[in-house]
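Colleague: Need the 3D shape of this:
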Amino acid sequence: MKKTARGSGPAAAARDPAAFEEFYRRHVNEVTRFVARRSEDPHDVADLTAEVFLAVIDSGHTYRKSRGSETAWLYGIARNVVSAERRRAAREARLTSRVAGRRLLEPDDISRLEDKLAAEHEGRAALAAMADLPEGERAVLELVAVDQLSIAEAAAALGIKPVTARVRLHRARKALRAAAAPRVARRDEEWEPRRRAAAQLSVTGSAGSGN
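Modeller: I've put the predicted structure just below:
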């Protein structure tokens, strides 16, 4: 019987079913979490995760270890899969056409995916806060700040140079800080009367206890 070495990469996974199974088991959790940060529907999470690994069969030969980790490469595929699904869903006129062809999930599968969705709530909130950024800058910030890739890995996942990724990341962070500044100022204005009232009560209480 042919044995597959543990840790087989994408190229081997694309050719050999045993290598594919090992590769899938090694990466399915991180890919599922990546998708769960971008969808709230457990059925969509299951379907899109499956599509990512199906894409490995066609794209495994394109992976280059020198350009980044397997995780970064998979995240690049996953971003394309999720983006394609969003475009497709936006074009559809009826929800029923999406539901008709989807595979059924067992209750245990749904429960497991709902747990992952709950765990990734903060990640989805962070992604929502980036929604108004330009696509290129948002993509780098997502992979670095939310998905925890290095700048070099994010660049590899997106097919751009590391220096380009650094520039986009800097611009994205600068834009987020600028967008957050007015909200912080408004919050401070709203809380100022409460702080003054609390301070006044503290002074009054101290004066009363001294009598």
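Colleague: And the helices in this protein?
Modeller: Along the chain, counting by DSSP state H, helices occupy 10-15, 17-36, 42-59, 70-91, 96-100, 107-119, 121-129, 135-141, 151-158, 162-210.
Colleague: which residues of this structure score low on pLDDT?
Modeller: Residues of the chain that meet the criterion pLDDT under 70 lie in 1-7, 92-106, 119-120, 181-211.
Colleague: How about the contacts made by R15?
Modeller: Contacts for R15 were tallied using C-beta atoms under 8 Å, 6 or more residues apart in numbering; they are G60. Just so you know, the C-beta spots here come from the backbone N, C-alpha and C atoms, and that holds for glycine as well.
Colleague: One more: D132?
Modeller: Under the contact definition (C-beta under 8 Å, 6+ apart), the residues listed for D132 are A179.
Colleague: Next, it: phi, psi?
Modeller: When quoted as degrees, to the nearest 10, the phi and psi of D132 stand at phi -90, psi 0.
Colleague: ditto for K161
Modeller: Main-chain dihedrals, K161, degrees, to the nearest 10: phi -80, psi 150.
Colleague: and it, how far is that from R168?
Modeller: 10 Å (C-beta to C-beta, to the nearest Å).
Colleague: Could you do D47 as well?
Modeller: Plainly put, D47 is 30 Å away from R168 if you go by C-beta to C-beta.
Colleague: Looking at the two, which is more packed in?
Modeller: Each of D47 and R168 has its neighbours counted (other C-beta atoms under 10 Å); R168 has more, 25 against 19.
Colleague: That one touches L133, doesn't it?
Modeller: No. Using C-beta atoms under 8 Å, R168 is not in contact with L133, being 9.4 Å away.
Colleague: Identify the contacts common to the two.
Modeller: Between them, R168 and L133 have L141 as joint contacts when contacts are counted by C-beta under 8 Å, 6+ apart.
Colleague: burial of the nearest residue to R38 once chain neighbours are set aside, as a residue count?
Modeller: Nearest non-adjacent residue to R38, counting by C-beta to C-beta, 6 or more residues apart in numbering: V82, 5.1 Å away. Neighbouring residues of V82 were enumerated by other C-beta under 10 Å; the total is 19.
Colleague: who's in contact with V82?
Modeller: By C-beta under 8 Å, 6+ apart, the neighbours of V82 are V35, R38, S39, L48.
Colleague: Next, count neighbours for the third one.
Modeller: Residues contacting S39 under the criterion other C-beta under 10 Å number 21.
Colleague: give the contact list for it.
Modeller: The contact partners of S39, taken as C-beta under 8 Å, 6+ apart, are V45, L48, V82, L117.
Colleague: Ranking by neighbours, what's the top pick from these?
Modeller: Going through the contacts of S39 with other C-beta under 10 Å as the criterion, the one with the most neighbours is V45, at 26 neighbours.
Colleague: residue contacts, R38?
Modeller: Remark: with contacts taken as C-beta under 8 Å, 6+ apart, R38 is in contact with V82, R124, L127.
Colleague: With adjacent residues omitted, what lies nearest to the second one?
Modeller: Leaving aside its chain neighbours, R124 sits nearest to R37 (5.5 Å; criterion: C-beta to C-beta, 6+ apart).
Colleague: Could you check how many residues crowd around that neighbour?
Modeller: Residue crowding around R37 was assessed by other C-beta under 10 Å; the count is 24.
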